[in-house]
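> sequence first, then the predicted structure:
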Amino acid sequence: MTSRSESQRRALGDFLRAQRAKLGPASLGLGEGQRRRTPGLRREEVAQGCGMSATWVTWLEQGRDVSASPAALASLARTLQLTPAERAYLFELAGRRDPAAPAAGEGMDVPAALAEAVAAISAPAYVLDRVWNARCWNAPAARLFVGWLDRGSDRNLLRYVFLEPQARTVIPDWPARARRVLAEFRAESGRHLDDPALTALVEALRAKSPVFARGWSAHEVVEPIGGERSFDHPRDGRLFYEQTVFTPATRPDFRLVVLLPRPKVRRGGRGKRAR
């Protein structure tokens, strides 16, 4: 479980109280009984509905430094009749992974609007899932990434970088770039360490790539901030881009990567760009 700040615990308590106030006894099949001084369910009724103690529900609402198991949170979500977005928010505030959340590779269909947006972008663009499989890409990206998006059925970026020999030709200064790619992935993977697909991917790469194995054991992490990228394309020569990374609002487990073309470096003018 990730550590939670006081503000997160307070937000969780406020959220639980607000959701409890929205429901009446009838939502749990209970009689109205005596007139209520405050609207909504009582804490005791919520506790009974989800199989928790009333004390535990009280502590959560008070923002105390206590934790609830994923199973208990799932019961809370059902009792409070949370929508999918509300349930995701509950688990995020509690610092837990929702056991009902799809594992990597499941429920990973790209929303149609996102796929259309990627296709409409004139620059190379592609979408990665949480284990860095390319889920969709446009024609410029397929042309740029020789040996990855232009052919074959394996669309995983890490397997391309560390196992595809052509990647060492297409990516200038491959050792440094590969090290950074791994450090970015390591930083993001901290949110999905219990994902079986991630575990399988890492173990396979450690077995097949000594470079990956050494890098994974080094535990280096960096923020994926984008920036300048260059490629040695077999047909188009040296190409320069500015990489920008977006998180789609409807799929926070996806990353939209866009490579904006930049002028080529002028020959004889080291470090300068052609105008």
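Arrived safely, thanks for sending.
> can you point out the buried residues in the helix or strand residue 57 falls within?
Remark: residue 57 resides in helix 54-61, with elements defined by DSSP states H and E. Residues 56-57, 59-61 are the ones in helix 54-61 that count as buried (16 or more other C-beta atoms under 10 Å). Quick note: C-beta positions are derived from backbone N, CA and C, even for glycine.
> which other residues reach it?
With contacts defined as C-beta atoms under 8 Å, 6 or more residues apart in numbering, helix 54-61 is touched by 12-13, 16-17, 20, 43-44, 46-47, 66, 68, 72.
> pull the CA atoms of it into PDB?
The C-alpha coordinates for helix 54-61 follow below in PDB (Å, rounded to 0.1, in the frame of the first residue of the first chain):
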ATOM      1  CA  ALA A  54     -18.900   0.800  13.100                       C
ATOM      2  CA  THR A  55     -15.700   1.900  14.800                       C
ATOM      3  CA  TRP A  56     -13.700   1.200  11.700                       C
ATOM      4  CA  VAL A  57     -16.100   3.100   9.500                       C
ATOM      5  CA  THR A  58     -16.000   6.000  12.000                       C
ATOM      6  CA  TRP A  59     -12.200   6.100  12.000                       C
ATOM      7  CA  LEU A  60     -12.100   6.100   8.200                       C
ATOM      8  CA  GLU A  61     -14.500   9.000   8.100                       C
END
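> now the element after that helix, going C-ward?
helix 70-79.
> what's the closest residue in space to residue 72 that isn't next to it in sequence in contact with, if anything?
Distances taken as C-beta to C-beta, 6 or more residues apart in numbering place residue 52 nearest to residue 72, at 5.9 Å, with adjacent residues excluded. By C-beta under 8 Å, 6+ apart, the residues touching residue 52 are 46, 68, 72, 75-76.
> same question, residue 150
142-143.
> secondary structure element holding it?
With DSSP H and E as criterion, residue 150 is part of no helix or strand.
> how about residue 231?
strand 227-233.
> so which bits of that strand are buried?
229-231.
> pairing partners for it, with directions?
strand 237-246 (antiparallel) (DSSP bridges).
> name whatever forms a beta bridge with residue 257.
residue 126, residue 245.
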